[in-house]
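**Student:** Turn this into a structure:
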Amino acid sequence: MPESAQHWPAPTARTPVDATVELPGSKSMTNRALVLAASASAPATVRRPLRSRDTGLMAAGLRSLGIGVEDSGADWRVVPARPRGPARVDVGNAGTVMRFLPPLAALAEGEVAFDGDSRARERPVGPLLEALRALGADVEDAGRGALPLRIRGSGGLRGGTVRLDASSSSQFVSALLLSGARFERGVEVRHEGPPVPSRPHLDMTVEMLRAAGVSVDTSEPDVWRVAPGPIETGGIAVEPDLSNAAPFLAAALVAGGRVTVPGWPEHTTQPGDALRDLFSRMGGEVSAGSAGLTLRGTGEVRGITADLREVGELTPTIAAVAALASTPSRLTGVAHLRRHETDRIAALVREINALGGDAEELSDGLAVRPRPLHAGVFHSYDDHRMATSGAVLGLAVEGVEVDDIATTAKTLPGFPELWAEVAK
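**Tutor:** Sure thing, here's the model as predicted:
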């Protein structure tokens with residue numbers, strides 16, 4: 001990381017925390033809602049969406065395709081239209097934008113060009129592009145299987161059955177399902193390869209499609225069938241982003257005290273719901289009630305052995321807590337994290353060890369052993385979840401500085417201010 005990056009002194013908790021944290025909407029739900037509403041048969045409102053860099057890029061991408069995305073107070077009103085080119089889509093470093101919009105662009109009349117940040121050009125989209133070609137799309141990527149790329153649409157897509165390996169990202173499947181009802185034959189996606197990671201995100205896609213009146217058949221393992229037909233969204237309410245609750249709940253675990261997250265849904269497909277079990281196993285006391293979900297620290301932080309394949313995005317925070325635990329941890333099932341915003345496994349090991357910790361890379365995760373930490377710079381690698389993990393470590397270790405804390409705006413605008421309220 002460049003040494004010139006701005007360093008943010010992470011606040012250290014002097015007393016047990018006592019906070020109620022109102023979280024913004026889920027990025028995953030917001031961007032799925034925008035894509036569904038863009039293909040709906042009538043205007044729709046996305047209520048309480050997340051306003052962040054990633055969701056702003058999705059809204060801008062839809063606008064470039066001729067679809068209306070308008071402010072309506074705190075909500076977004078989406079006016080669907082037949083996508084059209086020529087258009088250029090900047091995906092930034094947003095996986096949902098680089099994967100969810102190409103299938104929609106394949107329905108456009110005209111050419112749509114995609115590009116993004118330098119790191120986005122390293123992230124995999126090849127299996128999705130091959131699937132789109134098999135379904136009848138004209139895709140030009142110079143054989144890279146990555147950005148930049150162009151899709152030349154003719155106003156529709158044949159659709160049908162396609163086989164792909166989604167072991168590097170469940171977003172490949174979600175991308176095809178979200179636009180599949182608009183394909184002439186619908187779409188049948190068959191996964192062939194190692195297990196698909198982040199299954200809760202696939203469940204989220206399926207549940208949101210069904211709520212919009214789309215017929216989705218998931219009766220066969222690793223096969224998803226979407227029938228052609230209308231999408232009737234009306235209004236889509238976005239839940240609080242439970243994955244973004246991770247550092248705040250972790251604060252109570254490592255510093256003691258209480259953190260409450262209001263509005264925690266009784267039923268959800270969000271991966272962040274797994275925090276209840278994971279942090280309980282690591283020593284927290286978790287309770288749910290009318291006020292929301294509350295975690296209380298017990299003064300004990302235990303290590304954990306956990307397969308995080310289904311909830312990989314929680315790994316950075318779990319690893320940070322593990323670095324402060326009294327017993328070893330082993331976090332596995334997350335090889336796919338090597339191709340996220342950064343190689344999160346390598347980055348976590350490097351930064352924990354730089355603060356005096358004892359972390360080791362595994363083929364599909366990392367092992368963390370207890371060792372006292374000291375002050376130092378925790379690099380974020382332009383990765384929002386790395387940055388918030390550094391904040392968790394700083395809460396317990398005086399003198400930790402996080403570089404480029406502004407990268408948290410990708411999914412959690414205003415994080416430094418929220419964190420200051422927790423750590424005060």
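
**Student:** Tell me which residues touch Glu192, please.
**Tutor:** By CB atoms under 8 Å, 6 or more residues apart in numbering, the residues touching Glu192 are Arg163, Leu164, Asp165, Asp222. Glycine gets a C-beta too; all of them are placed from N, C-alpha and C.

**Student:** Could you give the number of residues near Ser380?
**Tutor:** 28 (other CB atoms under 10 Å).

**Student:** Just the pLDDT at the nearest residue in space to it that is not next to it in sequence, thanks.
**Tutor:** Using CB to CB, 6 or more residues apart in numbering and skipping the chain neighbours, the partner closest in space to Ser380 is Ala387 (4.0 Å). pLDDT, Ala387: 97.

**Student:** Same question for the residue nearest to Val21 when sequence neighbours are not counted, what's its three-state structure.
**Tutor:** Nearest non-adjacent residue to Val21, counting by CB to CB, 6+ apart: Phe248, 4.7 Å away. Following DSSP: H, G, I helix; E, B strand; the rest coil, Phe248 is assigned to helix.

**Student:** any low-confidence regions in this protein?
**Tutor:** 1-5 (pLDDT under 70).

**Student:** one more time with 90
**Tutor:** 1-6, 119, 123-124, 234, 336-342, 409-411, 424 (pLDDT under 90).

**Student:** can you give me the strands for the stretch 201-350 of the chain?
**Tutor:** 216-217, 223-226, 235-237, 257-261, 285-289, 292-296, 305-307, 329-332 (DSSP state E, counting those that start in this stretch).

**Student:** In TSV, list these along with distance to Thr408 and mean neighbour count.
**Tutor:** Shown next, in TSV, are the strands of the stretch 201-350 of the chain (distance: least, CB to CB, whole Å; neighbours: other CB atoms under 10 Å):
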stretch	distance to Thr408	mean neighbour count
strand 216-217	34	16
strand 223-226	33	20
strand 235-237	24	17
strand 257-261	17	21
strand 285-289	24	13
strand 292-296	20	20
strand 305-307	24	16
strand 329-332	22	21
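
**Student:** from memory Leu57 sits against Val91, does it?
**Tutor:** Yes - counting by CB atoms under 8 Å, Leu57 touches Val91, with 6.3 Å between them.

**Student:** So which of these two has more stuff around it?
**Tutor:** Val91 (28 against 23).

**Student:** contacting residues around the more buried one?
**Tutor:** If you count contacts by CB under 8 Å, 6+ apart, then Val91 has Leu57, Gly61, Val97, Met98, Leu101, Phe114, Asp115, Gly116, Asp117, Ala120, Leu147 around it.

**Student:** residues contacting the closest residue to the last one other than its chain neighbours?
**Tutor:** Just to be clear, that refers to Leu147. Nearest residue to Leu147 in three dimensions, chain neighbours excluded: Arg121, at 4.8 Å (CB to CB, 6+ apart). Counting by CB under 8 Å, 6+ apart, Arg121 touches Asp115, Ala146, Leu147, Pro148.

**Student:** Which two among those residues are spaced furthest apart?
**Tutor:** Spatial extent of these (CB to CB) is set by the pair Asp115 and Ala146 at 10.4 Å.

**Student:** Just give the number of residues close to Arg190.
**Tutor:** Applying other CB under 10 Å, we find 16 other residues in the vicinity of Arg190.

**Student:** next one: phi and psi at it?
**Tutor:** Backbone torsions of Arg190, given as degrees, to the nearest 10, read phi -120, psi 120.

**Student:** all helices of the stretch 301-424 of the chain, in order?
**Tutor:** 315-322, 344-354, 384-396, 415-423 (DSSP state H, counting those that start in this stretch).

**Student:** what packs against the third one?
**Tutor:** Just to be clear, that refers to helix 384-396. Secondary-structure packing of helix 384-396 (3 or more CB pairs under 8 Å, 6 or more residues apart in numbering; DSSP states H and E): helix 246-255, helix 315-322, helix 344-354, strand 376-378, strand 400-403, helix 415-423.

**Student:** one step back: tally of neighbours for the residue nearest to Val21?
**Tutor:** Neighbour number of Phe248 under other CB under 10 Å is 28.
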